[in-house]
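Let's see this in three dimensions:
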Amino acid sequence: MNVRSLIIYPVFILVLILAGCGDDLEADLHTYEESTAALTDLNNDYNETINEMDFDKLQAMYYGDEEENLEYLQQLQTEVDETLLPIAEDLEAEIDKVEVDNPEVEELHSIMQESVSVKKDFAAQMSSFLNSYVLSIDSNSQLVTLSQSFITHQEERDDIIESAESDEEIEEMNRLIEVLNDNSEALDEHSTVFHKEKSAEEKEQYANDILLPLIDEQIGALNALNLSTDKATRARTISLEMYYNYRTYFEERKNVMASVENLQEISLENLLPLVETASTLDEQYQETLETKKNEAR
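Residues are numbered from 1 along each chain as shown. Okay, the predicted model is just below:
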């Protein structure tokens, strides 16, 4: 073997090795694309679904630039919970099935993994955000309705109490008023403490441990009264409706506090950019895939 052959031989081997590597990469990329076909379809479904969602409208409502539309929010909530989130969960499950041995393909696959992770995080957090947002709007609406009902019921009850004429009616009304006054004094005291509690967790605990059991006791005290006249019985019925509404009021207050706390933890300002992040990762994935294919040729 002459010197010329010795010099060319290693170069020739290197060319063969590089060609072999290219063949392996091309084959591995082909295998990878076949194994991720279902993943690609799911990813396309996710992107099509999210492109049809109007998050600009959500942002405008949340920050007060547009009037809140509960019907729109509930529809968006349903789309996220029943369509987007299940697709994201399927994406996560599907990508866990994919096995990659080639380091070149692993680089590509890691981009898809990050994209899926961002998509799942967005869908899960948006679901939680919308659930809390819708609940807070609904609960606040309930609180307004309850507040109005307190005024209406109290006016109606006061009219009935003032209309008592017979000795029996007056005697029963006085007994009813005595119980109502005792109840009101205790309820006012504990309501004041409730509103002074600092954290939502402390308020919720106080409502569960003190306020709601107190209202149940007061309802029991009203039911225990032995009343026979129509007017006193009607006044008690209205009072019971008020106390059941008090109970509902504090339950709704708990819902509002929990919703507000959750909305504070999930920043819409930080959440919405994840849509663009996922889109950028998808573009990066496609660019890297094309680059790898060109290298393998």
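
just for the stretch 151-297 of the chain, where's the confidence low?
Within the stretch 151-297 of the chain, no range satisfies pLDDT under 70.

What's the separation between the spatially most central residue of the chain and residue 187?
Geometric centre of the chain, nearest residue: residue 128, 1.6 Å, by CA atoms, centre = their mean. Separation of residue 128 from residue 187 (CB to CB, to the nearest Å) stands at 34 Å. Bear in mind the C-beta positions are built from the backbone N, C-alpha and C, glycine included.

Touching, residue 259 and residue 133? I think so.
Yes: proximity of residue 259 to residue 133 meets the contact threshold set by CB atoms under 8 Å, at 7.2 Å.

List the contacts of stretch 228-246.
Contact with stretch 228-246 is made by 146, 149-150, 153-154, 156-157, 160-161, 163-164, 166, 168-169, 172-173, 176, 180, 183, 187, 215, 218-219, 222-223, 225, 227, as judged by CB atoms under 8 Å, 6 or more residues apart in numbering.

Just the buried residues of those residues.
146, 153, 157, 160-161, 164, 169, 172-173, 176, 180, 183, 187, 215, 218-219, 222, 227 (16 or more other CB atoms under 10 Å).

In helices, which of those appear?
Within the buried ones among the contacts of stretch 228-246, residues falling in helices by DSSP state H are 146, 153, 157, 160-161, 169, 172-173, 176, 180, 183, 187, 215, 218-219, 222.

biggest separation within the residues you listed, which pair?
146 and 169 (29.5 Å; CB to CB).

helix or strand right after the helix or strand residue 48 falls within?
Using DSSP states H and E, the element containing residue 48 is helix 37-51. Next helix or strand after helix 37-51 toward the C-terminus (DSSP H and E): helix 55-62.

quick one on the thing from earlier: list the buried residues for the helix holding residue 48?
39, 42-43, 46-47, 49-50.

again with stretch 252-264
252-260, 262-263.

Need the contact partners of that stretch.
128-129, 132-133, 135-136, 139-140, 142-143, 146, 200, 203-204, 207.

Any of those buried? List them.
Here, 16+ other CB under 10 Å leaves 128-129, 132-133, 135-136, 139-140, 142-143, 146, 200, 203-204, 207 buried among the contacts of stretch 252-264.

Looking at those residues, which gets the smallest pLDDT?
Looking at the buried ones among the contacts of stretch 252-264 by pLDDT, the weakest one is residue 200, with 83.

out of everything not next to it in sequence, what's closest to that one?
residue 257 (3.9 Å; CB to CB, 6 or more residues apart in numbering).

what does stretch 44-58 rub up against?
66, 72-73, 76, 79-80, 83-84, 87-88, 91, 119, 268, 272, 275, 279, 282.
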